[in-house]
Structures are given as C-alpha cells and as structure tokens.
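> Below are the sequence and a predicted model; questions follow.
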Amino acid sequence: MDEVDLILAAWARELPDVDVSPLGSLSRLSRLARHLDRARSDAFAAHELEVWEFDVLAALRRAGPPYELSPGELIRQTLSTSGTMTNRVNRLEARGLVVRQPNADDRRGVLVRLTDTGRDRVQDALADLLTFERGVLSAIDPDEREQLVVLLRRLLAPFERN
C-alpha cells in the first residue's frame, strides 16, 4: 500500500458513488514526476546546473557538431517562450557555457553554440542522470520497461500534438 492507495481509500469513504479510479494511475505519475524532478535537480546541482540550464545545453549537445541551434529551435525543444529563452541564453553565455554567433543563413539572426565547457558539463550531468534513472527503472524488468514506454507515449501524445 502506498500514499495513493490511502488517498483512494479516503475518497471512496467520503464519496462512495464517485469513480476515482483515474487517480490510481495519474496521481502516481504526478507524484513520480515530482520525485524525479527533485532527483534531477540534485543530479544537475552536482554539476552546477539548474534543470533549465541542462535542458538548453542538452538540446545543443543533441544537435551534433557544431552544437548550435537558433533561439527559435531552442524555444521549441525546451517548451519555453522567446523572452525566457533570451534570458536563459544571456545567463548561460555569462557563465561561458554558450556563445552567440551570427547566423550565416539569416543575417538578422543568431545561433547559440555550445562551448567546450558547456559540452563537458552537460555530458557529465547526463551520465549521472542516466545512472540514477537506470536505478529507478531497475524496479521493473526490461519487458515491463518497454511496455511502460509504449503506454506513456500513448498518454503523452495528445498533449504534444501541435
């Protein structure tokens, strides 16, 4: 029995005619997400990164050499706004983790490029994150992990359609 079971039992007692069964799955997902967010924050803090910093640096690292993206691409990948991204790039640039460069394809635009320091920092943080997440997933066997991926993808899809 876990905390969600206690919540469901309380609702069943208080509102016996209401089907609260969706809470069984989605409350667990929500609680798990909060625990994972805290653990990710801790893992990134060990590398002097905030979660948002990791997200931006990771997007640049995934882009492959020369590890650069336009601010618009960063906004799309990190689900942020233009003003937020400008502030984030400013802060990352001040820390020496990214640099702005002119965009050769768009004379008015810039590209954000990962520095060597930024690349090393995000790769080290990713390695620690993956170690932690493998540990979390070790509670279920590999076949269950594949099932979980399929089911979560299906639940997430309606929220991520453009």
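Good, I have the coordinates.
> Show me what the longest strand seen in the chain packs onto, helices and strands only.
In the chain, with assignment by DSSP state E, the single longest strand is strand 106-114. Counting contacts by 3 or more Cβ pairs under 8 Å, 6 or more residues apart in numbering; DSSP states H and E, strand 106-114 is packed against helix 51-62, strand 68-69, helix 71-78, strand 98-103. The way it works is simple: take the backbone N, C-alpha and C, and place the C-beta from them, glycine included.
> Now tabulate the ones you listed in a markdown table and tack on mean neighbour count.
Formatted as a markdown table, the entries for these read as follows, by neighbours: other Cβ atoms under 10 Å:
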| stretch | mean neighbour count |
| --- | --- |
| helix 51-62 | 20 |
| strand 68-69 | 20 |
| helix 71-78 | 17 |
| strand 98-103 | 16 |
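> Restrict the longest strand of the chain to CA atoms and write it as CSV.
Listed next in CSV are the C-alpha coordinates belonging to strand 106-114 (Å, rounded to 0.1, in the frame of the first residue of the first chain):
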residue,chain,number,x,y,z
ASP,A,106,19.9,34.7,-41.8
ARG,A,107,21.8,38.0,-41.5
ARG,A,108,19.3,39.2,-38.8
GLY,A,109,19.5,36.1,-36.7
VAL,A,110,22.0,34.4,-34.4
LEU,A,111,22.9,30.9,-33.5
VAL,A,112,23.6,29.7,-30.0
ARG,A,113,26.6,27.5,-29.8
LEU,A,114,27.7,25.2,-27.0
